[in-house]
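**Q** model this:
(one chain, ligands or ions: 1)
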Amino acid sequence: MRQSHLSIVILGGGPGGYEAALVAAQLGAQVTVVDSDGLGGACVLTDCVPSKTLIATSETMGMLRGAAGLGIRITGSAGPAGAGNGTGAGDTAGAGPAAGAMGSGPARVDAPRLYARVKALAQAQSADVAARLAAEGVKVIRGRGRLARRAGDHAVVVGDQEIGADVVLIATGGMPRVVPDAVPDGERILNWRQLYDLDELPRELIVVGSGVTGAEFASAYQALGSQVTLISSRGRVLPQEDADAAMVVEDVFRRRGMTVLGRSRAASARRQGDGVLVGLTDGRAVRGTHCLMTVGVVPATGDCGLAEAGVARDDRGFIEVDRVSRTSVPGVYAAGDCTGVQMLASVAAMQGRIAMWHALGEAVQPLRLDHVAATIFTEPEIATVGVDEAAITSGRVRAEEVKLALSTNPRAKMQGFRDGFVKLFASPRSGRILGGVVVAPRASELILAVSIAVEQLLTVDQLAHTFSVYPSLSGSVTEAARRLMMPARREAEFGEPT
Ligand SMILES: Cc1cc2nc3c(=O)[nH]c(=O)nc-3n(C[C@H](O)[C@H](O)[C@H](O)COP(=O)(O)OP(=O)(O)OC[C@H]3O[C@@H](n4cnc5c(N)ncnc54)[C@H](O)[C@@H]3O)c2cc1C
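**A** The predicted structure is shown next:
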């Protein structure tokens, strides 16, 4: 590893920016991070970390709701024993009676305490990022920065300061998209960044948009005790995801009492008295106490001086980059949500690191999106890695697949849930594992085995011969590999697809 003497300025202190800063500092560069809203970025302060903290509480509510089914009687519990936990049969979400404290069964959510915990945890995480950057000698400037023209090198302007740089990385992230007739007011019509400033849980929450963010919040608030209506413009929730997985989640949503309105496009959201009225394009209207808009992310690239510097953007404003994060301007790189490549913290961080390795002359492997592991934190979770079913059905990838329902897994029975499955895709010729989908509680943890298999080019035989614990949910991963062994072997030996 060579030590660099280049100067780097990074616009944005989210995962795209701060992970890049750490790599560049370790390589000896002089690094300055300019950030306007707090280190850790939207990821830590308003988006990923707060939503997953909220979901930790909603998961616990789900467990409490299923406690009776596992033979636990909680003092003061009025309800009869149910058939399972949060993803099992017999779930019903109680519309909570009181503002501020809601829930079903024996437990009530204390909204002010929940939101205070979410915000404190985000601040603590942001402080950890700040401490880590300080320990590596990274200079941090609080403020909005923009690129400036300068002969010879690049420069970033923050207030009345101009900082020269050999290399600039733009990692300014994104912002919630706003529908003109449904502008958030922070009280009744909300975007996901405004939820934690409420002093109550929404009694009747209308979630507009059934992509990942909409589905996660709909799932969480239903478990916390809100009566949720999910408005989806497509035929099913999570239209971009594995269809079998989306069907399981939608089925669980409906069974718990959520209203899912498919093929329904929201045109407007207006305050009406103490509540909100969401108008649909077909003329129907949905009433609730609150409305959460989750209709996508737009790039935060507006006032960064990109046009003046000649940095090319696509027609939606996302910065165009190649697989080593270069923009159209030499010496200017971009990473994370502002590039629109794949809006995940892990991808933003990897793009940022790759940018620095490339800029500082290190050996670098271009970004590989086909190995990205991702999770949708609904209940149950959906975790995916590698090729997907759509690639197989369209004929782009040839693969064998097997799908094992978790309802027959002994650990799942013991824990009282039955919704979910493990799906594996493998090459029929080589037996190599090409991808997989896990739908289960904590699928985000279970997917690692499949992710390692995909990354390390393992075959179904190798995974099938790997020990899993008995009883365990991961036993279904190795069992799925065993079921795939025979087709792979047949084609390898006889050259026939099965
Ligand atoms: C509700 C929600 C939940 C999510 N959950 C997950 C999850 O579970 N897992 C996952 O991997 N991803 C998740 N994501 C996606 C993840 O949050 C983003 O992909 C990630 O934040 C992108 O990081 P970034 O560095 O590009 O930008 P950000 O995290 O948005 O950081 C950008 C920073 O730049 C600052 N900035 C903007 N303009 C300027 C300027 N001109 N000058 C200085 N600073 C500027 C911003 O204020 C911000 O601090 C979630 C997203 C949402 C909306």
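
**Q** how about the residues of the stretch 301-450 of the chain by the ligand?
**A** 304, 336-337, 343-346, 348 (Cβ under 6 Å from any ligand atom). C-beta: built from backbone N, CA, C; applies to glycine.

**Q** of these, which pair is most distant in space?
**A** Farthest-apart pair in those is 304 and 346; separation 23.6 Å (Cβ to Cβ).

**Q** neighbour count: the two, which is higher?
**A** Set side by side, residue 304 and residue 346 show more neighbours around residue 304, with 23 against 14, by other Cβ atoms under 10 Å.

**Q** phi first, then psi, for the closest residue to that one other than its chain neighbours.
**A** Sequence neighbours aside, residue 146 is the residue nearest to residue 304 in space, at 4.9 Å (criterion: Cβ to Cβ, 6 or more residues apart in numbering). Main-chain torsions, residue 146, degrees, to the nearest 10: phi -150, psi 150.

**Q** now residue 308
**A** Per degrees, to the nearest 10, the backbone of residue 308 is at phi -60, psi -40.

**Q** where's residue 447, which helix or strand?
**A** Assigning secondary structure by DSSP states H and E places residue 447 in helix 443-455.

**Q** for that helix, buried residues please.
**A** For helix 443-455, a neighbour-count test (16 or more other Cβ atoms under 10 Å) marks 443-444, 446-447, 449-451, 453-454 as buried.

**Q** other SSEs contacting the helix or strand residue 434 falls within?
**A** Here residue 434 sits within strand 433-440, counting by DSSP H and E. With contacts taken as 3 or more Cβ pairs under 8 Å, 6 or more residues apart in numbering; DSSP states H and E, strand 433-440 sits against helix 243-255, strand 381-386, strand 421-426, helix 443-455, helix 475-494.

**Q** what is the distance between that strand and the centre of its chain?
**A** On the basis of Cα atoms, centre = their mean, to the nearest Å, strand 433-440 is displaced by 17 Å from the centre of the chain it belongs to.

**Q** now it: mean pLDDT?
**A** Predicted confidence along strand 433-440 averages 98 (mean pLDDT).

**Q** quickly run through the sheet partners of that strand, with directions.
**A** strand 381-386 (antiparallel), strand 421-426 (antiparallel) (DSSP bridges).

**Q** format those strands as JSON lines; extra columns: mean pLDDT.
**A** Below are the strands paired with strand 433-440 laid out as JSON lines (pLDDT from 0 to 100):
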{"stretch": "strand 381-386", "mean pLDDT": "98"}
{"stretch": "strand 421-426", "mean pLDDT": "98"}
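
**Q** about what we covered before: closest one to residue 33 among the helices and strands packed on strand 433-440?
**A** Of the helices and strands packed on strand 433-440, nearest to residue 33 by Cβ to Cβ is helix 443-455, at 28.7 Å.

**Q** now the buried members of the residues of the stretch 301-450 of the chain next to the ligand.
**A** 304, 336-337, 343-345, 348.

**Q** just the strands in the stretch 301-450 of the chain please.
**A** Secondary structure of the stretch 301-450 of the chain, counting by DSSP state E, counting those that start in this stretch: strands at 332-334, 374-376, 381-386, 400-405, 421-426, 433-440.

**Q** how about the ones you listed in TSV, adding mean neighbour count?
**A** Below are the strands of the stretch 301-450 of the chain laid out as TSV (neighbours: other Cβ atoms under 10 Å):
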stretch	mean neighbour count
strand 332-334	29
strand 374-376	21
strand 381-386	26
strand 400-405	19
strand 421-426	26
strand 433-440	29
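
**Q** now render the ones you listed as JSON lines, adding distance to residue 190.
**A** Shown next, in JSON lines, are the strands of the stretch 301-450 of the chain (distance: least, Cβ to Cβ, whole Å):
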{"stretch": "strand 332-334", "distance to residue 190": "29"}
{"stretch": "strand 374-376", "distance to residue 190": "21"}
{"stretch": "strand 381-386", "distance to residue 190": "24"}
{"stretch": "strand 400-405", "distance to residue 190": "37"}
{"stretch": "strand 421-426", "distance to residue 190": "34"}
{"stretch": "strand 433-440", "distance to residue 190": "29"}
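
**Q** tell me who's in contact with residue 422.
**A** 403-404, 406, 436-440, 446, 476-477, 479-480 (Cβ atoms under 8 Å, 6 or more residues apart in numbering).

**Q** do residue 222 as well
**A** 93, 228, 253, 256-258.

**Q** quick one: which of the residues you listed has the most company?
**A** Going by other Cβ under 10 Å, residue 228 tops the contacts of residue 222 with 28 neighbours.

**Q** note down every partner strand of the host helix or strand of that residue and its orientation.
**A** Using DSSP H and E, residue 228 sits within strand 227-231. Strand pairing for strand 227-231, using DSSP bridges, gives strand 204-208 (parallel), strand 259-261 (parallel).

**Q** just give me the least confident of the contacts of residue 222.
**A** Scoring the contacts of residue 222 by pLDDT puts residue 93 last, at 33.

**Q** for residue 158, name its beta-bridge partners.
**A** Here residue 158, judged by DSSP bridges, has bridge partners residue 145, residue 161.

**Q** then residue 422?
**A** Beta-bridge partners of residue 422, as defined by DSSP bridges: residue 404, residue 438.

**Q** ok, the one 4 residues further on next?
**A** When bridges are called by DSSP bridges, residue 426 pairs up with residue 400, residue 433.

**Q** residues in contact with it?
**A** So residue 426 contacts 399-401, 432-434, 459-460, 481, 484, 488 (Cβ under 8 Å, 6+ apart).

**Q** so what's the backbone phi/psi at residue 242?
**A** phi -50, psi 130.

**Q** surely it touches residue 386?
**A** No: Residue 242 is beyond contact range of residue 386, at 11.6 Å (criterion: Cβ atoms under 8 Å).
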